[in-house]
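Student: Sequence and predicted structure below; questions after.
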2 protein chains.
Amino acid sequence: MTSEPTSEVVDLLRRDILAGVFAPGERLVELQLTRRYECGRAPIRAALVELASEGLIDREANRGATVRRITVADVIEITEARAALESLAAGHAATRATDDERAELRQIISEMEAAVARDDAVGYSALNGRLHRLIHTASHHRVATELVANLRNRASHHHYQLALMPGRPAESLPQHAVIVEAIVAGDQAAAQAAMFAHLSSVIGVLERWQAMD
Amino acid sequence: MTSEPTSEVVDLLRRDILAGVFAPGERLVELQLTRRYECGRAPIRAALVELASEGLIDREANRGATVRRITVADVIEITEARAALESLAAGHAATRATDDERAELRQIISEMEAAVARDDAVGYSALNGRLHRLIHTASHHRVATELVANLRNRASHHHYQLALMPGRPAESLPQHAVIVEAIVAGDQAAAQAAMFAHLSSVIGVLERWQAMD
DNA sequence: GTCGACAGGATTGTCGACAACACCTCGGCA
DNA sequence: TGCCGAGGTGTTGTCGACAATCCTGTCGAC
């Protein structure tokens, strides 16, 4: 949203971290990255600074960068913050979304129903991402959108991808439907509450997960 | 929270931007900053990348950095996001604060009362900052704390310092008192609601402000 | 007179080399 | 044997120089 000063290196490195090319806790040595991305150290350093303030990696003075370790407790905190910001966005979407956006929201819900019907967890997960992103677009709330995109990045590189859990799509589909209905109807308070309830259920799953360890 | 890779330059430059040394929209030319902070371009560039992802400045490829212009609408969005995250933090503070932290919260409220009694707007503003920061400390919610610190930076360099408006301290003092009482009492829902109400009142002032332009 | 091409200057992006620092290993000593 | 300091190695932090890019002002053609 804000910048992108050329360096495609930032995007490549971010993608690789999120894809798990580098293990959590692994050191990111500048000279090695230099060879991998075929450039000098300057772009690498810029990328590291950027990703550090996105929260994907940790940097210590004179000691280099490591990819950040994420615990279940961290994911819970991140999801709590997402719940706060995404319900804000959902509320705004209810009052500000265009007609096209409302139509597309409904479209995604029916595609989700189809995905659940044919047990397509991967397809459902992709639709889930599209839905949440579209809600932010429709909210026209740049700050919340930017912060949530950041939070999503922080959490996603740990395979707490619960949308892929068996039975989870069937559980979250009605929650998504309620959210979209409220937005389409223009009911701000209901949209906000529905989004909050949805992410609270996600947090509930994570807390049970945490208790099991 | 995360890093600080040596470069005190980041802190100096951030301080100067927030202090208004550089006007909104002003270009930040690396060579000039080089002379001002007496160092090479490398630390300067690192600082610019960092501040760009904090949202204080904008960077465009091959076109340099400018200090970001902030409109009243932006401040409203930022405050909405703060409302969402700070009420989350207030709720957590109600359940997680230590006894010492609860005592200090009450202490700040009584100091605020004294400041209002002697019409000390500047002192009240400082106490206001201390109070909000302490609530985040007491919440032990790192993610929310970090995001709000960032949001506060983004807004603060525009003189929408409404704590300095005449009559404003007297208006917000009871709101702060309600928040602290709820936290001290350990009432999560009440703390959350009180913080949200407080920042909603701030947003109300900003919206009236916006309508006047 | 207006528009487009073109040079000149200024600024950013990148590179390679060197200095500074942290960690590890090894040898000296009680 | 155990501790402490010196040196070696690897990595990060910084600098100066060069290449690439953009903006501005000027000139010429229509």
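Tutor: Sure thing, it's come through. Numbers count the residues shown, from 1 in each chain, chains lettered A, B, ... in the order given.
Student: give me the number of residues near the closest residue to DNA strand C within chain A?
Tutor: Relative to DNA strand C, the nearest point of chain A is A:G40 (2.7 Å; Cβ to the nearest atom of the strand). Placement of C-beta: from N, CA and C, glycine included. Counted by other Cβ atoms under 10 Å in any protein chain shown, the residues lying close to A:G40 total 10.
Student: Give me the phi and psi angles of it.
Tutor: phi -80, psi -170 (degrees, to the nearest 10).
Student: do the one 5 residues further on as well
Tutor: For A:R45, the backbone dihedrals are phi -60, psi -40 (criterion: degrees, to the nearest 10).
Student: I'd like the distance between it and A:D58.
Tutor: Distance of A:R45 to A:D58, given as Cβ to Cβ, to the nearest Å: 15 Å.
Student: likewise A:N128?
Tutor: Distance of A:N128 to A:D58, computed by Cβ to Cβ: 29 Å.
Student: residue boundaries of the strands in chain A?
Tutor: A:27-28, A:57-60, A:64-67 (DSSP state E).
Student: okay, which residue is most central for chain A?
Tutor: A:R152 (2.4 Å; Cα atoms, centre = their mean).
Student: List the contacts of it.
Tutor: A:R82 (Cβ atoms under 8 Å, 6 or more residues apart in numbering or on different chains).
Student: what do you get for A:E80?
Tutor: So A:E80 contacts A:I203, B:L88, B:H141, B:V143, B:A144 (Cβ under 8 Å, 6+ apart).
Student: If we use 7 Å, what do you get?
Tutor: The contact partners of A:E80, by Cβ atoms under 7 Å, 6 or more residues apart in numbering or on different chains, come to A:I203, B:L88.
Student: again, but for A:I76
Tutor: Taking Cβ under 7 Å, 6+ apart as the test, what A:I76 contacts is A:I203, A:L206, A:E207, A:Q210.
Student: Also A:E104?
Tutor: By Cβ under 7 Å, 6+ apart, the residues touching A:E104 are A:L134.
Student: can you check A:L151 too?
Tutor: A:I78, A:A81, A:R82.
Student: Please name the nearest non-neighbouring residue to A:E86.
Tutor: Distances taken as Cβ to Cβ, 6 or more residues apart in numbering or on different chains put A:M195 closest to A:E86, at 5.3 Å, once the chain neighbours are dropped.
Student: my guess is that neighbour meets A:V180, correct?
Tutor: No. The pair A:M195 / A:V180 is not scored as a contact, 10.2 Å apart, by Cβ atoms under 7 Å.
Student: rewinding a little: ok, so of the contacts of A:L151, who is nearest DNA strand D?
Tutor: The closest of these to DNA strand D turns out to be A:I78 (Cβ to the nearest atom of the strand; 26.2 Å).
Student: Share the number of residues neighbouring that closest one, please.
Tutor: Neighbours of A:I78 using other Cβ under 10 Å come to 25.
Student: Need the nearest residue in space to it, chain neighbours excluded.
Tutor: Using Cβ to Cβ, 6+ apart, the nearest residue to A:I78 is A:A155, at 4.7 Å.
Student: From A:E8, how far off is A:S201?
Tutor: Taking Cβ to Cβ, one finds A:S201 at 38 Å from A:E8.
Student: Correction: the previous question concerned A:E77.
Tutor: If you go by Cβ to Cβ, the gap between A:E77 and A:E8 works out to 31 Å.
Student: higher neighbour count, these two?
Tutor: A:E77 (23 against 12).
Student: pretty sure the more buried one contacts B:V143?
Tutor: Yes. Using Cβ under 7 Å, A:E77 is in contact with B:V143, at 4.4 Å.
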